[in-house]
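Q: Provide a 3D model corresponding to the input given below.
(one chain, ligands or ions: 3)
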Amino acid sequence: MTWIFSILIFAALVFSVTAFIFWRQSKKKQKRISNLELQHFDVTTELHEQRTLFETIFHHTNIGIALLEPGGRVIRANNSLGELLGYTETDMLAMNFYYLIHPNDQNSLQLNIQDLIDKKIKLYQSEQQCFRKNGDAIWIMTSICLIHDSEELPIQFIVQVQNITAQKQAEERLRHMAYHDPLTGLANRNKLEQSLNHIVAAARRHQQGFALLFLDLDRLKNINDTIGHDAGDLLLQIIAERLRNTVRTTDMVARLGGDEFVLLINDVKKTESVAQIAQKILDNVLQVITIKGKELYITTSIGISIYPYDGQTIQALMKNADLALYRAKEHGRNNYQFYTVEMTSKAQEKLGLQNTLAQALVKNEFTLNYQPKMEIATRRITGIEALLRWKNKDYGLIMPDEIINLAEETGLIIPVSKWVLKTACHQLKKWHEMGFSALTVAINCSARQFKQGSFVDEILQVLSETGISSSSIEIEITESTIMQDPENTIRVLYELKDLGVQIAIDDFGTGYWSLSNLRRLSVDKIKIDKTFIHQVTADETSAAIVRAMIAMVNKLGIRSIAEGVETQEQFNFLANEGCTEIQGYYLTQPLAEELMTTFLQHPVPDAEAISKNEIVS
Ligand code: C2E
Ligand code: CA
Ligand code: CA
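A: Numbering: from 1, shown residues only. Ligands and ions are numbered 1, 2, ... in the order given. All right, here's what the predicted structure looks like:
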């Protein structure tokens, strides 16, 4: 019994110990678990706090921040970025950040993004312009870096953006102040010198001319003394505005101080155009100025130097413009002078001629002379070319080359050409009515007529006025005229062809128009330039060229006309080579209307007899 009791006690003891050990272990485990739970709780809290802190910093920093996918789509954006660009956060999430950047900065942005991806740079920082939601462009400073995953693959860009518009505007104001005259807002001496350096370099590179105009207001001091300096300042501002309005925005007007102004005129091709600007300035300055109820008149003197003729360096050009200005003052002020005296008189003469030309139409000073063309095979007069003449009491007889040049420059070419077309067609109608019903009239055309857009309408109008058929009109156009604006000119030529008007290529051989174009356009006639014809009997090369031209033109089914034919030998050569028609002094010089009528009434085959007619130019 005792041993059983002992065993029981022992068992109870073992059980108790085991239970105690289990209890202890479970207690420990429980403690560990709650410790772990406690730790986990701590970590979560800390994470939460950190996240809150991050969110607070992310959204409250002054800097706009965004996370982008490598393609630029916004994954996250903070409030500052939204405010800066005028978007909500949700708006931003649907957007591509790159599209916000100004097109001018796109190229460099993309190149640098690629450099970040290629790990050539770690950070890209740049000033650029970007667009706000309302379309305004603002200046921003952008910093972009790229974060990679554990396998070094690019995951996201971190973009930081600061608005630097105010800073940029302040810089711009400072720069403006450094380069502009505070009274008039015009460029100052610094800016002028800077621009002159650029323009001299560019003019050398592109072989372009430019002009420097020195202006000095005449007797500004008197005005200051009589009406006061405030009024004098106002006057300078008005003059500055007038000068600015006289030139193109690409030219420059500067004030060097006091009453001294300088104009820099770019891309000068002709001195007359500079003379024209100078004259416009004189006229504009002279307009009445009303200050404090007083009417004031002021004049200016202008000295002009032209690159490269009057100097190759800024110093030389400035010095020479100043000398020219001195001469303008000596000439009694209110005038302009070029550095060289010859240039002044040439430019002024041309300007005078242009002004007189402007009156010529109204004063009925234009006339037409007519020169016939003869078909070699039949010795028949097929057509008559109208050639412009201008007779003026001061300038005498002026030939068309000069008229056309002047008229092209002033835009007068349009009304003058319209007059030629109308007069020639009405004259042709008279000849038709006199029985010369197969005659055609050839009209020379200039490039401006094709640009203007109403040429076809003008032809339609004259056709309906006169009742002549469209095939009685020939349009003569040179290769170089076509080449000035091929697309537009060819379009108009097609329209003319559709109307039934005939097309002749004038001065053929002197330009570079392609032969395939001749075929495409189905040109009716080709006039071989007179420089080749003059040489045919003297020079074997010219003879070979003309021979080849005639053969080619005939082969294309186009009529070949030799112009400038003067001698029997030339005529024989051309007849031998199968040329279709001739024109030139061999038949007659261009004649006035009545003499042309007499010419038409004569039997034609005796060309030599005809050529001895009285000649009127
Ligand atoms: P063009 O169309 O080549 O006209 C032929 C020119 O050569 C005319 O000069 C004519 O007088 C001259 N000529 C004719 N036969 C001979 C000859 O046998 N020998 C020599 N040496 N010359 C001859 P013109 O009248 O002085 O006209 C010159 C150019 O002016 C014309 O060359 C034409 O391009 C242009 N032109 C004339 N009238 C007008 C017009 O009304 N409008 C336009 N846009 N241009 C015109
Ligand atoms: Ca012609
Ligand atoms: Ca010609």
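Q: hey, where'd the helices end up in the stretch 201-350 of the chain?
A: 220-227, 229-246, 271-286, 314-330, 341-360 (DSSP state H, counting those that start in this stretch).
Q: Output the third one as PDB - backbone C-alpha positions only.
A: Read it as helix 271-286. As requested, the backbone C-alpha atoms of helix 271-286 are provided in PDB (Å, rounded to 0.1, in the frame of the first residue of the first chain):
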ATOM      1  CA  THR A 271      20.500 101.500-102.000                       C
ATOM      2  CA  GLU A 272      17.200 103.000-103.300                       C
ATOM      3  CA  SER A 273      15.300 101.000-100.700                       C
ATOM      4  CA  VAL A 274      17.400 102.700 -98.000                       C
ATOM      5  CA  ALA A 275      16.800 106.000 -99.600                       C
ATOM      6  CA  GLN A 276      13.100 105.300 -99.500                       C
ATOM      7  CA  ILE A 277      13.200 104.500 -95.800                       C
ATOM      8  CA  ALA A 278      15.200 107.700 -95.200                       C
ATOM      9  CA  GLN A 279      12.700 109.800 -97.100                       C
ATOM     10  CA  LYS A 280       9.800 108.100 -95.100                       C
ATOM     11  CA  ILE A 281      11.600 109.100 -91.900                       C
ATOM     12  CA  LEU A 282      12.000 112.700 -93.000                       C
ATOM     13  CA  ASP A 283       8.300 112.800 -93.900                       C
ATOM     14  CA  ASN A 284       7.100 111.100 -90.700                       C
ATOM     15  CA  VAL A 285       9.300 113.300 -88.400                       C
ATOM     16  CA  LEU A 286       8.000 116.400 -90.100                       C
END
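Q: for the most centrally placed residue in the chain, what are its contacts?
A: For the chain, the residue lying nearest the average C-alpha position, counting by C-alpha atoms, centre = their mean, turns out to be Thr250 (10.8 Å). For Thr250, the contacting residues are 266-267, by C-beta atoms under 8 Å, 6 or more residues apart in numbering. No exception for glycine: its C-beta is placed from N, CA and C like everyone else's.
Q: give me phi/psi at it?
A: The main-chain torsion angles of Thr250 are listed as degrees, to the nearest 10 and equal phi -80, psi -10.
Q: Please enumerate the strands of the stretch 351-500 of the chain.
A: Secondary structure of the stretch 351-500 of the chain (DSSP state E, counting those that start in this stretch): strands located at 366-375, 380-392, 396-398, 440-444, 473-478.
Q: touching ligand 3 at all, the last one?
A: Right, strand 473-478. No: figure legend: strand 473-478 not in contact with ligand 3 (C-beta under 5 Å from the ion); closest approach 7.2 Å.
Q: pLDDT averaged over that strand, what's the number?
A: Along strand 473-478, the predicted confidence averages to a pLDDT of 96.
Q: same question, the third one
A: Across strand 396-398, pLDDT averages out at 92.
Q: how about that strand, does it reach ligand 1?
A: No: between strand 396-398 and ligand 1, judged by C-beta under 6 Å from any ligand atom, nothing touches; the nearest distance is 9.9 Å.
Q: worst average pLDDT in the strands of the stretch 351-500 of the chain?
A: strand 396-398 (a mean of 92).
Q: From the chain's centroid, how far away is that one?
A: Going by C-alpha atoms, centre = their mean, to the nearest Å, the spacing between the C-alpha centre of strand 396-398 and its chain's C-alpha centre is 36 Å.
Q: can you list the residues of the chain near ligand 1?
A: Near ligand 1, when you scan the chain using C-beta under 6 Å from any ligand atom, you find 371, 387-388, 399-401, 404, 417, 420, 444-446, 476, 506-507, 530, 564-566, 584-585, 590.
Q: Report the residue spans of the protein with pLDDT below the cut-off.
A: Judged by pLDDT under 70, the chain has its weakly predicted residues at 1-19, 513, 603-617.
Q: Put the buried members of the residues of the chain next to ligand 1 into a PyMOL selection.
A: The following PyMOL line selects those of the residues of the chain next to ligand 1 that are buried, judged by 16 or more other C-beta atoms under 10 Å:
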select buried, resi 371+387+388+400+404+417+420+444+445+446+476+506+507+530+564+565+584+590
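Q: Could you list which of the residues of the chain next to ligand 1 belong to helices?
A: With helices identified by DSSP state H, the entries of these that belong to them are 400-401, 404, 417, 420, 530.
Q: Give the helix, strand or coil label for the residue of the stretch 51-200 of the chain found nearest ligand 3.
A: Residue nearest to ligand 3 within the stretch 51-200 of the chain: Ile199 (39.4 Å; C-beta to the ion). Using DSSP: H, G, I helix; E, B strand; the rest coil as the criterion, the local structure at Ile199 reads helix.
Q: ok so, going back, including distance to ligand 2, could the ones in helices among the residues of the chain next to ligand 1 go into TSV?
A: Putting these into TSV (distance: C-beta to the ion, whole Å) gives the following:
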residue	distance to ligand 2
Pro400	9
Asp401	11
Ile404	11
Ser417	13
Val420	12
Lys530	10
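Q: hmm, back to that, including distance to ligand 2, could the strands of the stretch 351-500 of the chain go into a markdown table?
A: Converted to a markdown table, the strands of the stretch 351-500 of the chain look like this (distance: least, C-beta to the ion, whole Å):
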| stretch | distance to ligand 2 |
| --- | --- |
| strand 366-375 | 9 |
| strand 380-392 | 6 |
| strand 396-398 | 18 |
| strand 440-444 | 5 |
| strand 473-478 | 4 |
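Q: sorry, back to before: distance to His148 for the ones in helices among the residues of the chain next to ligand 1 - can I get that in a markdown table?
A: Conversion of those to a markdown table gives the following (distance: C-beta to C-beta, whole Å):
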| residue | distance to His148 |
| --- | --- |
| Pro400 | 77 |
| Asp401 | 74 |
| Ile404 | 71 |
| Ser417 | 72 |
| Val420 | 77 |
| Lys530 | 78 |
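Q: domains in this protein, as residue ranges please.
A: The chain is divided into the following domains under automatic domain parsing: 60-169, 181-339, 351-605.
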